[in-house]
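A.B. asks: The following block contains a protein sequence and its predicted model.
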Amino acid sequence: MQYDATDRGDPIDLTGETLEGESFDVADLRGKVVVVNVWWSACAPCRLEAPMLVGAAAQTAADADFVGVNIRDNSAEPALAFDTTFGVTYPSIYDPTGKALLAFAGKVNLQAVPTTVVLDREGRIAATISGAIPSQLTLTDVIDDVAGQDG
């Protein structure tokens, strides 16, 4: 689902600690489209879409940054192994408590895992995909569309 620019509301304030233990703040990525993917390592649809996300990240690197939010793994180790298995090079916030997802409260329902949210260059929600992305092309088309709207 895509949202008209006039209906996007305020920028998302998404922060947390990455799987590697580093601080992350999505505000540091303002000026580019940001793709936020909510996932966990044992999620079958997450495993299915991972190669498409990696491909889309590479294909749209000039216009978009990607960040994952890992919400169900009991430790960072399985999530890091997932990243290695699928060649994921973008960061993921490690968020087993769901605290980081509060940034989306009242704006997007993130109950389905995986869920992918595309933020515009100002950090506002521009599109959501509930469940696994249907294809790499679907996601890159959305990214291209949002990037084009924003300049």
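C.D. replies: Cool, got the structure.
A.B. asks: Go through the protein and flag its longest helix.
C.D. replies: In the chain, taking DSSP state H as the definition, the longest helix is helix 44-59.
A.B. asks: what's in contact with the following helix or strand past it?
C.D. replies: Later in the chain than helix 44-59, the nearest helix or strand by DSSP states H and E is strand 64-70. Strand 64-70 is contacted by residues 14, 16, 19, 24, 26, 29, 32-41, 53, 56-57, 76, 79, 88, 90-96, 100-101, 143, 147 when judged by CB atoms under 8 Å, 6 or more residues apart in numbering. The way it works is simple: take the backbone N, C-alpha and C, and place the C-beta from them, glycine included.
A.B. asks: Counting only strands, which of those make the cut?
C.D. replies: Those of the contacts of strand 64-70 mapping onto strands are Gly16, Phe24, Val33, Val34, Val35, Val36, Asn37, Val38, Trp39, Ser92, Ile93, Tyr94, per DSSP state E.
A.B. asks: May I see those organised as TSV, with distance to Ala5, pLDDT and neighbour count added?
C.D. replies: Listed next are the ones in strands among the contacts of strand 64-70 as TSV, based on distance: CB to CB, whole Å; pLDDT from 0 to 100; neighbours: other CB atoms under 10 Å:
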residue	distance to Ala5	pLDDT	neighbour count
Gly16	27	96	22
Phe24	26	97	20
Val33	13	98	26
Val34	16	98	25
Val35	17	98	27
Val36	18	98	27
Asn37	22	98	27
Val38	23	96	28
Trp39	27	97	27
Ser92	28	97	27
Ile93	26	97	25
Tyr94	32	97	23
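A.B. asks: If anything else comes up later, I'll come back, but that's it for now.
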